[in-house]
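[1] Next comes the sequence, and after it the predicted model I'd like to discuss.
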Amino acid sequence: QKEVEQNSGPLSVPEGAIASLNCTYSDRVSQSFFWYRQYSGKSPELIMSIYSNGDKEDGRFTAQLNKASQYVSLLIRDSQPSDSATYLCAVKGDNDMRFGAGTRLTVKP
Amino acid sequence: DGGITQSPKYLFRKEGQNVTLSCEQNLNHDAMYWYRQDPGQGLRLIYYSQIVNDFQKGDIAEGYSVSREKKESFPLTVTSAQKNPTAFYLCASTYNEGRQFFGPGTRLTVL
């Protein structure tokens, strides 16, 4: 069974701090990795994708991938109250897609 | 504007009843997916389709059925065989190396 595991949280950080979200996956052949943000009662929206080892930065977001350790992370710098949401890690296999259970983040003003 | 439409937004099902959830996209994406989300949990894959007239089971396909007669449409039927269907159902399409775009979802409740 292919698994995607995330810190269940909840994670609480003060405004302006760095939030760190982690994800591990079991399928070694996975090549594509994604982070989605989901506000309560809404559908997920893509915030980051990463395909090769290393870091990928987009604004306040940095995704990190280590395929040898089967580990993906998301850093959110200068966290804002509007970042408060559930963050879902997703891993793509050949054609299917698997999601972690999500980490709920709260940014306190 | 391009996007995914899901209807209805809320759906109530009686015991033993089949219901169909609609998913329509005008993004010209080939692949479409159905997920189920239970409270406090991630998304679980029900079915997916890479091309018209072809689809594959996901992890929790039992009690569900789909069709893909048109590229734009991927309806999901929740049959009476699905014993605990109360959940949030999300339809998505895939573009650019696996990135997914989601519809607004349908909340199904069993009465």
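    Structure's in. What do you need?

[2] Going along the chain, name the strands of chain A.
    A:4-6, A:11-14, A:19-25, A:32-38, A:45-50, A:54-58, A:61-66, A:71-76, A:85-92, A:97-99, A:103-108 (DSSP state E).

[3] what bits of chain B have low per-residue confidence?
    Scanning chain B for pLDDT under 70 picks out the ranges B:1.

[4] those helices in it, which residues are they?
    In chain B, no helices are defined using DSSP state H.

[5] need the strands for it, in chain order.
    For chain B, the strands defined by DSSP E occupy B:4-7, B:10-13, B:19-25, B:31-37, B:43-51, B:54-57, B:64-66, B:76-78, B:87-95, B:99-102, B:106-110.

[6] most neighbours per residue, which of those?
    Comparing the strands of chain B by mean neighbour count (mean count of other Cβ atoms under 10 Å in any protein chain shown), strand B:31-37 comes out on top with a mean of 24. Any C-beta I mention is one placed from the backbone N, CA and C, and that applies to glycine too.

[7] Quickly note the distance from the closest residue to B:S93 other than its chain neighbours to B:L90.
    Closest residue to B:S93 apart from its sequence neighbours, by Cβ to Cβ, 6 or more residues apart in numbering or on different chains: B:H29 at 3.7 Å. Using Cβ to Cβ, to the nearest Å, we find B:H29 at a distance of 15 Å from B:L90.

[8] now do B:G103
    From B:G103 to B:L90 the distance is 7 Å (Cβ to Cβ).

[9] For these two, list the residues in contact with both.
    With contacts defined as Cβ atoms under 8 Å, 6 or more residues apart in numbering or on different chains, the residues shared by B:G103 and B:L90 are A:43, B:6.

[10] hang on, isn't A:N66 packed against A:N53?
    Yes: A:N66 lies in contact with A:N53 (Cβ atoms under 8 Å); the separation is 6.2 Å.

[11] residue contacts, the closest residue to A:T86 other than its chain neighbours?
    Among residues not flanking A:T86 along the chain, A:G102 sits closest, at 4.3 Å (Cβ to Cβ, 6+ apart). Applying Cβ under 8 Å, 6+ apart to A:G102 gives the contacts A:6, A:9, A:38, A:86-89, B:41-42.

[12] change it to 7 Å
    A:G102 sits next to A:6, A:38, A:86-88, B:42 when contact means Cβ atoms under 7 Å, 6 or more residues apart in numbering or on different chains.

[13] can you check B:Q82 too?
    Neighbouring residues of B:Q82 by Cβ under 7 Å, 6+ apart: B:63-64.

[14] hmm, 6 Å instead?
    When contacts are counted by Cβ atoms under 6 Å, 6 or more residues apart in numbering or on different chains, B:Q82 touches B:G63.

[15] Determine which of the strands of chain A shows the lowest mean per-residue pLDDT.
    Ranked by mean pLDDT, the strands of chain A bottom out at strand A:97-99, with a mean of 91.

[16] ok, back up a step: which one, of the strands of chain A, ends up nearest to B:T79?
    Of all the strands of chain A, the one in closest proximity to B:T79, counting by Cβ to Cβ, is strand A:97-99 (23.5 Å).

[17] So what are the sheet partners of the closest one and their directions?
    Next to strand A:97-99 in the sheet, as set by DSSP bridges, lie strand A:85-92 (antiparallel).

[18] What lies in contact with the partner strand?
    By Cβ under 6 Å, 6+ apart, strand A:85-92 touches A:4, A:6, A:21, A:23, A:25, A:30, A:32-34, A:36-39, A:44, A:97-100, A:102-104, B:42, B:98.

[19] No further questions, thank you.
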